[in-house]
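*Asks:* Give me the fold of what follows.
(2 chains)
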Amino acid sequence: MRNGLLVIGACAIALAAADRAAAQEEVYLKVTSPGLSRVIIAMAEVPSRQGTDSGAAATLLATLRRDLDETAVVGLVAQENARLVIVDPNNPTLTHQRWRAVGAQFLLDGSIAGAGNQLVLEAQLWDLTSGEVAYSRRFQGTVNLAVTMAHSLANELIHLFTGKPGPFLSRIAFVSDRSGNKELWVMRWDGSEPQQLTSHRSIALSPAWSPDGQWLAFTSFLRGSPQLFIFRPREGYLKALSSLPGVNSSPSFSPDGKLVAFAAGEGGETDIFVVPAEGGTPVRLTHTRGISTQPAWSPSGRQIVFTSSVGGSPQLYMMDAEGTNVRRLTFEDKYADEASWAPDGVAVAYTTLVEDRFQIATLDLRTGARTIIPGPGNNESPCWSPDGTVLAFVSNRTGAKQIFITDQIGRPRQITTEGNNVQPAWVALVQ
Amino acid sequence: MLRFWNDKLTACALFVAVVFGPACAHRKAVVAPEPQAGVETEKPAPEPAGGGTTTVTPEPRISAAENPEGAIQAGELPANLEEINKAGYLKDAFFDTDKADLRPDARDLLAADASWLKSHPSVKFLVEGHCDERNTEEYNLALGWRRANAVKGYLTSLGVVADRISTISYGEEKPFATCHNESCWSQNRRAHFVVTAR
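*Replies:* The predicted model follows:
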């Protein structure tokens, strides 16, 4: 198990919550398996004490409500049902029974307090089956962090049910031509707050995050021919990482963040290379005739999946991170490209071709079982959410190329609209 | 293990050579004859080696000596690179879907391009590899790189000095036609010439 259960941090309450999550994880994980319904949480009225910034409190609760209704893991009791529940403040057991009667499995309640520019949220999650508190946590911050506090709480609730933090503080980097050129952009996981990162007026391609969310590696034609760059979005710091002959494309960081795999090559050839993220001499890993590109480093750091046309059509291959032990992964596809490892390392999502249209597929690396996730139009560039519950991908089903997110119960949602938006890269947190 | 992979590749290449002999011969003819770097561009291209494997007949050569106008034309080129490129002295080569092999029509155009280039020996140029919008951006970038270099390889095999040729791939990033069907895609699968020095 690679589920970092202790990632929450040093807070004693949070650790206690994580321990409980570990104890209950198996039970709850079954609930979130594909095809089964989501965990249903009731959200009680959360009173604000006197002196609280009411605008900030309302923002916090609205954000929390939206977050909890937007993943495949949890959902809220429908508003019309929640209205039927009569809360008896003197009889919590009776109140819990009433929540259960409208389908709730858990109840989130708490209170908001604050003075001046401070905001304090106290939250408890009740397991309505056992009647016990499954989680409790106190968040404190300035009022301008109301949204972050809501996302942090929602993240921890998802963590409770899956063993992995939720997506609510995560960011998606992508390439958009909405400014007239292909530039790097970043947005929240739901498509809100898009922000332009580069203004090079050139062609930017294939962004990849360092695992800690500090760096983006990408390809740019900024200096004429395509070169590989590394970029620190917070500071706008940019440096060239590879100017080898060839495409210098499709970077992928090793999970320790120290190395970047990418594609380049002389004389029309394209092979996989690795270069230290701090800069240095690239080392060639593959020696194929033809095209080998799109490396994707496994979460364990031990393997790299890549695309190669060595057997004719582009197919997925896997090799050890040293370039040895190359073996073919896909056999049923006419075309297989753009592998993205699931965070748990047991599956890759990729782009395949079905009846002349590109579609997203997943390959279970334990069983070799392939699952196609069909959708209208052409669908490509899959990318897992950091918690592994949701896929981002690109589709032209509504005209221009747009980024969608889907989930395992098949609800794709378009999260970009302006221009063409491609090549999503998702990270848990930007530093 | 690396050797193992290499061996596998060699085996694979042999297999391809056996099964798809003629296609391979085309490829071979493109790559094999190294130009006598920078010495003589007027000399006919060397015969591709290995009579059994080649199906390519040497292109008719028009040297500057045989075509005096050609030599004079060099002086008549427009002064401005933009105008040279607009005039389209060099004809682009077009490709089949997902392929970087040169089609017969592309070879004919490139033979004419090679003649023009040899009669204008001071001209330097860029070969841009382009792709249609199908396939992923990264794969197309690599495919465009193959296309540009296939053209460079063929031109050098016809005696154009390699030093005069730069290559770049734009993949699917700079389409010539923007509709979403074969009528545009076929326009976008090309190696495009840009004269960079007269």
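*Asks:* pLDDT-wise, which helix or strand of chain B ranks last?
*Replies:* helix B:21-31 (a mean of 37; mean pLDDT, DSSP states H and E).
*Asks:* so which helix or strand takes in the nearest residue to B:Ala162 once chain neighbours are set aside?
*Replies:* Sequence neighbours aside, B:Thr156 is the residue nearest to B:Ala162 in space, at 4.9 Å (criterion: CB to CB, 6 or more residues apart in numbering or on different chains). The C-beta positions use only the backbone N, C-alpha and C, and glycine is treated the same way. Taking DSSP states H and E as the definition, one finds B:Thr156 inside helix B:137-157.
*Asks:* Let's see that helix as CSV, backbone CA atoms only.
*Replies:* Included here for helix B:137-157 are C-alpha records, laid out as CSV according to Å, rounded to 0.1, in the frame of the first residue of the first chain:
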residue,chain,number,x,y,z
GLU,B,137,0.5,16.3,-30.1
GLU,B,138,3.7,14.6,-28.8
TYR,B,139,3.5,11.7,-31.3
ASN,B,140,3.0,14.2,-34.1
LEU,B,141,6.0,16.2,-33.0
ALA,B,142,8.1,13.1,-33.3
LEU,B,143,6.5,12.1,-36.6
GLY,B,144,7.1,15.6,-38.1
TRP,B,145,10.7,15.3,-37.0
ARG,B,146,10.9,12.0,-39.0
ARG,B,147,9.4,13.6,-42.0
ALA,B,148,11.7,16.6,-42.0
ASN,B,149,14.7,14.3,-41.7
ALA,B,150,13.5,11.9,-44.3
VAL,B,151,13.4,14.8,-46.8
LYS,B,152,16.9,15.9,-45.6
GLY,B,153,18.2,12.4,-46.1
TYR,B,154,16.8,12.1,-49.6
LEU,B,155,18.1,15.5,-50.7
THR,B,156,21.6,14.7,-49.4
SER,B,157,21.4,11.4,-51.2
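*Asks:* picking that back up, how close does the residue nearest to B:Ala162 get to chain A?
*Replies:* Distance from B:Thr156 to chain A, counting by CB to the nearest CB, to the nearest Å: 11 Å.
*Asks:* Run through the residues that contact the closest residue to chain A within chain B.
*Replies:* Closest residue of chain B to chain A, CB to the nearest CB: B:Asn149 (2.9 Å). With CB atoms under 8 Å, 6 or more residues apart in numbering or on different chains as the criterion, the residues that contact B:Asn149 are A:267-268, B:127, B:129, B:167.
*Asks:* out of the residues you listed, who's nearest A:Val39?
*Replies:* Sorting the contacts of B:Asn149 by distance to A:Val39 puts B:Gly129 at the head of the list, at 51.1 Å, by CB to CB.
*Asks:* quick one: low-confidence ranges for the chain?
*Replies:* Unless you meant another one, I'm taking chain A. A:1-37, A:72, A:407-410 (pLDDT under 70).
*Asks:* my bad, chain B
*Replies:* Applying pLDDT under 70 to chain B flags residues B:1-75.
*Asks:* just the helices in it please.
*Replies:* With DSSP state H applied, chain B shows helices at B:2-19, B:21-31, B:68-76, B:81-87, B:104-119, B:137-157, B:182-188, listed in chain order.
*Asks:* in the last one, what counts as buried?
*Replies:* Translated: helix B:182-188. Neighbour counts using 16 or more other CB atoms under 10 Å in any protein chain shown place B:185, B:187-188 of helix B:182-188 among the buried residues.
*Asks:* these two touch, right, A:Phe218 and A:Arg232?
*Replies:* No: between A:Phe218 and A:Arg232 there is no contact under CB atoms under 8 Å: 11.9 Å.
*Asks:* Compare the two (neighbour count), which wins?
*Replies:* Neighbours were counted for A:Phe218 and for A:Arg232 using other CB atoms under 10 Å in any protein chain shown; A:Phe218 has more, 28 against 14.
*Asks:* wait, is the more buried one part of a strand?
*Replies:* Yes: the assignment for A:Phe218, made by DSSP: H, G, I helix; E, B strand; the rest coil, places it in a strand.
*Asks:* State the distance from it to A:Tyr237.
*Replies:* Spatial separation of A:Phe218 from A:Tyr237 under the definition CB to CB, to the nearest Å is 13 Å.
*Asks:* In three-state terms, label the residue in chain A sticking out farthest from the centre for me.
*Replies:* Distance from the C-alpha centroid of chain A peaks at A:Asn90, with 42.0 Å (CA atoms, centre = their mean). Local secondary structure at A:Asn90 is given as coil here, using three-state DSSP.
*Asks:* do the same with the one 3 residues further on
*Replies:* Going by three-state DSSP, the secondary structure assigned to A:Thr93 is helix.
*Asks:* May I ask which helix or strand encompasses A:Gly141?
*Replies:* strand A:132-142.
*Asks:* Taking strand A:132-142 as reference, get the angle to the following helix or strand past that strand.
*Replies:* Remark: after strand A:132-142, the chain's next helix or strand is helix A:146-162, criterion DSSP H and E. Interaxial angle of helix A:146-162 relative to strand A:132-142 (axes from the mean of the first three to the mean of the last three CA atoms, to 10 degrees): 150 degrees.
*Asks:* chain center to helix A:146-162, what's the gap?
*Replies:* Between the mean C-alpha point of helix A:146-162 and the mean C-alpha point of its chain there is a distance of 14 Å (CA atoms, centre = their mean, to the nearest Å).
*Asks:* Following it in sequence, what is the next regular element?
*Replies:* Next helix or strand after helix A:146-162 toward the C-terminus (DSSP H and E): strand A:171-176.
*Asks:* what's the next secondary structure element after that next one?
*Replies:* Next along the chain after strand A:171-176, taking DSSP H and E as the criterion, comes strand A:183-188.
*Asks:* burial count for A:Asp190?
*Replies:* Other residues within reach of A:Asp190 by the criterion other CB under 10 Å amount to 16.
*Asks:* Report the residue ranges of every domain in chain B.
*Replies:* Described in terms of automatic domain parsing, the domain architecture of chain B consists of the residue ranges B:1-32, B:72-198.
*Asks:* So which bits of the stretch 101-250 of chain A are right by chain B?
*Replies:* Neighbours of chain B within the stretch 101-250 of chain A, by CB under 8 Å from any CB of the partner chain: A:182, A:203, A:205-206, A:219, A:221, A:224-226, A:246-247, A:249-250.
*Asks:* Kindly supply the PyMOL command isolating those of those that are buried.
*Replies:* This is how PyMOL selects the buried members of those, with burial counted by 16+ other CB under 10 Å:
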select buried, chain A and resi 182+203+205+206+219+221+225+226+246+247+249+250
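*Asks:* What about the residue in chain A that chain B sits nearest to, how many residues nearby?
*Replies:* Taking CB to the nearest CB as the measure, the point where chain A comes nearest chain B is A:Gly268, at 2.9 Å. Applying other CB under 10 Å, we find 27 other residues in the vicinity of A:Gly268.
*Asks:* Surely it and B:Gly144 touch.
*Replies:* No: taking CB under 8 Å as the contact criterion, A:Gly268 and B:Gly144 are not neighbours in contact, 9.7 Å apart.
*Asks:* rewinding a little: mind saving the C-alpha coords of the strand holding A:Gly141 as CSV?
*Replies:* Written as CSV, here are the backbone C-alpha positions of strand A:132-142 (Å, rounded to 0.1, in the frame of the first residue of the first chain):
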residue,chain,number,x,y,z
GLU,A,132,-19.8,7.8,17.0
VAL,A,133,-17.7,10.7,15.9
ALA,A,134,-15.7,9.5,13.0
TYR,A,135,-13.7,12.7,12.6
SER,A,136,-13.3,16.0,14.2
ARG,A,137,-11.0,19.0,13.4
ARG,A,138,-10.6,22.6,14.1
PHE,A,139,-9.4,25.0,11.4
GLN,A,140,-8.2,28.5,12.1
GLY,A,141,-7.1,31.2,9.7
THR,A,142,-7.7,34.7,8.4
